[in-house]
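Q: Here is a sequence together with a model predicted from it:
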Amino acid sequence: MIIEILKEGIIGSFNSVYSIAMIVFPIMIGLQILKDFKVLDKIANMFRFVTKLFNISVDAVFPLLVGVIFGISYGAGVIIQSSKEGDISYRDLFLISVFLITCHAVIEDTLIFVAVGANGYFLLGVRLISAILLTYVLAKRKIEDEENSIQKEECIVINE
């Protein structure tokens, strides 16, 4: 009995990983093709307002969009790949994570809750507004913290 449970758990886990890989790998290949043909730059330019609002790099836009549309599980693959390639900073990773914690898989989640009777517009609106406000506040606070630490370092150098 225990062996059957373990077997079922292991097979289920492998099936889940396989399902995620079947979605993440094409996204990663597509991302690389979009990068090679500079299409990603054009997409990022359409969302330049996001980079200005949160003061993040243009390279952080695509991982953010993938996470918002497909969810954290699938977006994580793109985010990890972008961070390994050095395209996005730790600050960008932090802000993307904050946004996605609050607002991810907007299409899928919204449709699921609409199916059980929720108001989709209200749900989507609250999630987007919450994510934007929280990320904006943390983006501004983080910048202020960085500026303060720079000023403190300058004071230490001047005082020495």
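A: Perfect, I can see it now.

Q: start to end distance for stretch 96-107?
A: Chord length of stretch 96-107, first to last residue, is 18 Å (Cα to Cα, to the nearest Å).

Q: got the contact list for L93?
A: 79, 83 (Cβ atoms under 8 Å, 6 or more residues apart in numbering). From N, CA and C alone the C-beta is placed, and that goes for glycine too.

Q: following the helix or strand it falls within, which helix or strand comes up?
A: Assigned by DSSP states H and E, L93 belongs to helix 90-102. Next helix or strand after helix 90-102 toward the C-terminus (DSSP H and E): helix 106-115.

Q: State the mean pLDDT of that next one.
A: Per-residue pLDDT values over helix 106-115 give a mean of 86.

Q: Flag every buried residue along that helix.
A: For helix 106-115, burial by neighbour count (16 or more other Cβ atoms under 10 Å) applies to 106, 109-110.

Q: Tally up the residues packed near F54, please.
A: 24 (other Cβ atoms under 10 Å).

Q: Can you tell me how far it is from K35?
A: Look at F54 and K35: by Cβ to Cβ, to the nearest Å, they are 21 Å apart.

Q: just for the protein, where's the confidence low?
A: Applying pLDDT under 70 to the chain picks out residues 142-160.

Q: Contact partners for D41?
A: With Cβ under 8 Å, 6+ apart, D41 has these contacts: V58.

Q: swap the cut-off to 10 Å and go again
A: Neighbouring residues of D41 by Cβ atoms under 10 Å, 6 or more residues apart in numbering: 34-35, 58-59, 61-62.
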